[in-house]
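>>> could you look at this predicted model? Sequence included:
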Amino acid sequence: MSSNIKEIPCYDLIRNEMKTGDVIATADNSWTSKMIRWATKSSTSHVGMVYKTGHFIEILETVKTGWNTARVGVTRLSNLITPNKGERIWWLQLLPEYRESLNQEKMLACLREQKGKHYDFWQAFGSIMPWKNSNDAGKLFCSEAVGQALTEGNILPYNYNYSEATPKDIISLGIYECPVQISGVSTVLY
């Protein structure tokens, strides 16, 4: 993946190019985001999977539901793009060779099965620790959910340990076009 960023300031200009299977990476100014970026030495702290439904670009992602609870849910991308919030958002479009090998039916089935699952705090923490997590999709954290969907969609090999994946691991897979920053202060994605 190139560290260059193709910046397109207007979401409306690119939304029709987004497809199910693309990835959205984000970072904001919350303490959680800062800690994840520090621990993973990355400019991003969160990833979600583009899930195109009709006219809407939705993101399947882990969403906070309370002080210490979260679940896998769907968020409209247009709702994430709010000026002056400090959030940086990048679009990572699958390379054509990966788009061609994508089994979209299996990926969509995986995404549908993920909706409503609870957040996996323990494995999220474990993904940055020296011990190894084993693949367990009973509960999910953001990069684990994306990694599972990419695996089920035949983009990643079935032996890929998505329960070990951090947001930085997901954006560093080498399966995307040059990242496009669609919101926030211009920042290199790494």
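Right, received. Where do you want to start? Residues are numbered from 1 along each chain as shown.

>>> list the helices and strands the lowest-mean-pLDDT helix or strand in the chain packs on?
Ranking every helix and strand in the chain by mean pLDDT, DSSP states H and E puts helix 121-126 at the bottom, with a mean of 74. Packed against helix 121-126, as judged by 3 or more CB pairs under 8 Å, 6 or more residues apart in numbering; DSSP states H and E, are the following elements: helix 142-152. Quick note: C-beta positions are derived from backbone N, CA and C, even for glycine.

>>> residues contacting the helix it packs on, please?
21, 23, 46-49, 60-62, 72, 103, 106-107, 109-111, 114, 117, 120, 123-124, 127, 135, 137, 140, 156-158, 160, 162-163, 165-167, 169-170, 173, 175 (CB atoms under 8 Å, 6 or more residues apart in numbering).

>>> from the residues you listed, which land in helices?
Among the contacts of helix 142-152, the members found in helices (DSSP state H) are 106-107, 109-111, 114, 123-124, 167, 169-170.

>>> quick one: the spatially most central residue of the chain from Thr62, how far?
By CA atoms, centre = their mean, the chain has its centre lying nearest to Val47, at 2.2 Å. Separation of Val47 from Thr62 (CB to CB, to the nearest Å) stands at 9 Å.
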